Structures are given as structure tokens and as C-alpha cells.
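# here's my sequence, what's the structure:
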Amino acid sequence: QDMRVTRALLVACSDFVMQEDLGAATSGNLHMVGSALISADIGLGNLSIEDGTIGTIDALGAAIDDAFSEADEDDVSLLYLCTHGVLSSADDNQVYLLLGDGQTESPLSSQALYELLCDIPGEKLLILDACYSGALIGRGQPETGMLPGARHKPPALLSPFLLDSSMHVLTSSSGSESSWYYDSEELS
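Presented below is the predicted three-dimensional model:
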């Protein structure tokens, strides 16, 4: 336990090309999470912040490589990603996280995100703060031919995150709902 180091990368995307900008909400969320990590006694060895600077998968990959390059099997690597979650235009229940820096906008699939993280040694904690983010781990979406609330998941539909015991994922919403903050005026 004394040898464990926690490294964190906090990413906020708020400016987009095709999607509505999210304003200061994502930066505020990023800084609240950062403050919580700094004040917690978790052996925080490195805290990297990318606030509005990640618009492509390559840029996210470079930030991940930089933040977690020194991780080993005893460490915890935490990625917090606050952005838009967008439902696919096809009727396939796919959700993409949207990377955006105001000039570039790129969809990020569950598989692509997993591939960016899977080779990092040790435990990985992923916190997804985006609408429909639960779909990236197969949560909160009814399956064709199944009643809502059914618990059976065929192996072919499992997210890569659920098949990897070194990955732990928290989401801000289920796969079929908006994140609470962005639609707060609609809540009773």
C-alpha cells in the first residue's frame, strides 16, 4: 500500500464545432474533481489537467501516455473525462464521447477509449461525466427482445471494460439518460 502511487488525468471538453458548447460547467467539474483528489489521502503522485485542449483521439492518447508513462503494476491510474455523450445516428444503441477543443471535434467509441487505456500497468479508474455514458459499459439500455430491468447480458454485448478486471468505470448517467447537470432545467 505504501508503494502505491495514484496518477490522475483530468480532461474537460467544452468547445465543439458541430455540437453545442458546454460553457464553464465542464471546467468547474474538472476543478472540483481535482480539488477532491488533492485533498484526499490517496498517494497522489501526479495530477495532469487538460481543460479544453483535447480535440482528437491522438491528442487524448498523447495526454494519457504523458500522464501514465511511469505507472507500474502497484499503481492506480485515474482518468476523469467530462464532455458530451452523443447517441449514434444509427439505430445501434452506440454512444460516443465527443472530444472537442473548439477547432476540432472527434467521436470516441468505447473500444477506442479502452484501447488507449488497456496497456497502462496496474489498476485503472475511469470516471465518465457525459450524457448516456452508461452505454459505454453496457448499463441502462434495454436489449432487443428483453424486458427493461432484465439482468442477463450475452457475452457478445459486454463492454471491453467489463471484461478487464484492472478497469473500473463510474458513469454520470445510464445509457439511456442525459447527465443531470446539462439538463437540470428539465428536472422537477
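# could you pull up the residues touching Ile54?
Contacts for Ile54 (C-beta atoms under 8 Å, 6 or more residues apart in numbering) come out as 11, 13, 60, 63, 99-101. For every residue, glycine as well, the C-beta is placed using N, CA and C.
# in space, what's closest to Leu9 - neighbours in sequence excluded?
Ala67 (3.9 Å; C-beta to C-beta, 6 or more residues apart in numbering).
# on that earlier part again, which pair in the contacts of Ile54 spans the largest distance?
Greatest spatial distance among the contacts of Ile54 (C-beta to C-beta): Ala63 and Gly100, at 14.2 Å.
# neighbour count winner among the two?
A direct count of neighbours by other C-beta atoms under 10 Å for Ala63 and Gly100 places Gly100 higher, at 23 against 20.
# need the three-state assignment for the residue minimising distance to the centre of the chain.
The residue lying closest to the centre of the chain (C-alpha atoms, centre = their mean) is Leu128, at 3.0 Å. What DSSP: H, G, I helix; E, B strand; the rest coil gives for Leu128 is strand.
# so how far is Leu99 from the residue nearest to it when sequence neighbours are not counted?
Distance criterion C-beta to C-beta, 6+ apart; nearest residue to Leu128, sequence neighbours excluded, is Thr171 at 4.8 Å. Distance of Thr171 to Leu99, computed by C-beta to C-beta, to the nearest Å: 17 Å.
# how about the longest helix along the chain: buried residues?
Determined from DSSP state H, the single longest helix within the chain is helix 25-39. In terms of neighbour count (16 or more other C-beta atoms under 10 Å), helix 25-39 has its buried residues at 25-27, 29-30, 33-34, 37.
# shouldn't Asn29 be in contact with Cys82?
Yes - checked against C-beta atoms under 8 Å, the pair Asn29 and Cys82 is within contact range at 4.9 Å.
# overlap in contacts, those two.
Taking C-beta under 8 Å, 6+ apart as the criterion, Asn29 and Cys82 both touch 12, 129.
# can you count the residues close to Leu44?
17.
# got a list of what it touches?
For Leu44, the contact set (C-beta under 8 Å, 6+ apart) comprises 6-8, 37-38.
# and the strands in the protein, which stretches?
6-12, 44-51, 76-82, 84-87, 95-100, 105-108, 123-129, 167-171 (DSSP state E).
# which one is Lys47 nearest to, not counting chain neighbours?
That one is not Lys; residue 47 is Leu. Ala8 (5.0 Å).
# ugh, wrong one, Ile64
Leu116 (5.4 Å).
# equivalent analysis for Asp51, please.
Once flanking residues are discounted, Asp51 sits nearest to Ala12: 5.0 Å by C-beta to C-beta, 6+ apart.
# look up how far Asp101 lies from that neighbour.
Counting by C-beta to C-beta, the gap from Ala12 to Asp101 is 11 Å.
# got any residues that touch both of those two?
Residues touching both Ala12 and Asp101 by C-beta under 8 Å, 6+ apart: Gly52.
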